[in-house]
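1. sequence isn't available, so here's the structure alone:
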């Protein structure tokens, strides 16, 4: 929405300068420019509908997985997290600095820059702090905070092999423990691995649905909240 509004203002300035300097004015240009505010209103209504869906999200009764609803990122409202039919927490996007949001909303290619997430469960909180990378580096990275203490880091894995096979991958390191998330651009099924062994997966609802499910092996019950949070970070970054 900010892109449309900014572009509209710039076009009005350009039309005004053209009229003042060149003494030329075309009504068609002005009328065309006013299509941008109309687009902003339409986009606002779509985002508002998605926000309402996020706020009212309740999983189906038969669902046994962890789940959430990722409808949009324009409005920084909390998104609910369920374990089966039990409401267990929520998470939301935040920006470390105010100008981060301006850049992310103005430049479409940078929409997922500064993607920091804040998770709140009954007893634990997690934060994924987006870390600045040099322009030469293609991957993204985050520091992981649990209950106010830094416990590890996570980064996306971008290399020639993954790009050739349309594979998306992310690795989290917590002490001596290593967890991986991987999927392919086509399909969207996510595998969760611990030291190379599959321990869980994540799926989505029907076509064009924004609901996300996460299943973790029972032997990793102590890691469940962390793995769910990391999976939602993965989903938010790769499959928004």
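-> Perfect, thanks for sending it. Because the structure is a prediction, the values reported are computed rather than measured.
2. spatially central residue for this protein, please.
-> Closest to where the C-alpha atoms of the chain average out (C-alpha atoms, centre = their mean) is residue 236, at 3.0 Å.
3. contacts for the host helix or strand of that residue?
-> In the assignment (DSSP states H and E), residue 236 maps to helix 224-238. Counting by C-beta atoms under 8 Å, 6 or more residues apart in numbering, helix 224-238 makes contact with 66, 68, 70, 73, 81, 83, 88-89, 91, 93, 112, 115, 117, 119, 121, 124, 126, 128, 140, 142, 146, 154, 156, 168, 170, 172, 174, 179, 181, 183, 190, 192, 199-200, 202, 212, 214, 216, 220, all of which sit outside it. Glycine gets a C-beta too; all of them are placed from N, C-alpha and C.
4. which of these are buried?
-> Buried residues within the contacts of helix 224-238, counting neighbours by 16 or more other C-beta atoms under 10 Å: 66, 68, 70, 73, 81, 83, 88-89, 91, 93, 115, 117, 119, 121, 126, 128, 140, 142, 146, 154, 156, 168, 170, 172, 174, 179, 181, 183, 190, 192, 199-200, 202, 212, 214, 216.
5. in strands, which of these appear?
-> When these are checked against strands (DSSP state E), the matches are 66, 68, 81, 83, 88-89, 91, 93, 117, 119, 121, 126, 128, 142, 146, 154, 156, 168, 170, 172, 174, 179, 181, 183, 190, 192, 199-200, 202, 212, 214, 216.
6. before we move on, the earlier item: any idea of the pLDDT on the residue nearest to the centre of the chain?
-> At residue 236, the predicted lDDT confidence score is 85.
7. same check on residue 31?
-> In the prediction, the pLDDT value recorded for residue 31 is 66.
8. how many neighbouring residues does residue 222 have?
-> The local packing of residue 222 (other C-beta atoms under 10 Å) involves 7 other residues.
9. again, but for residue 14
-> Look at residue 14: counted by other C-beta under 10 Å, it has 12 neighbours.
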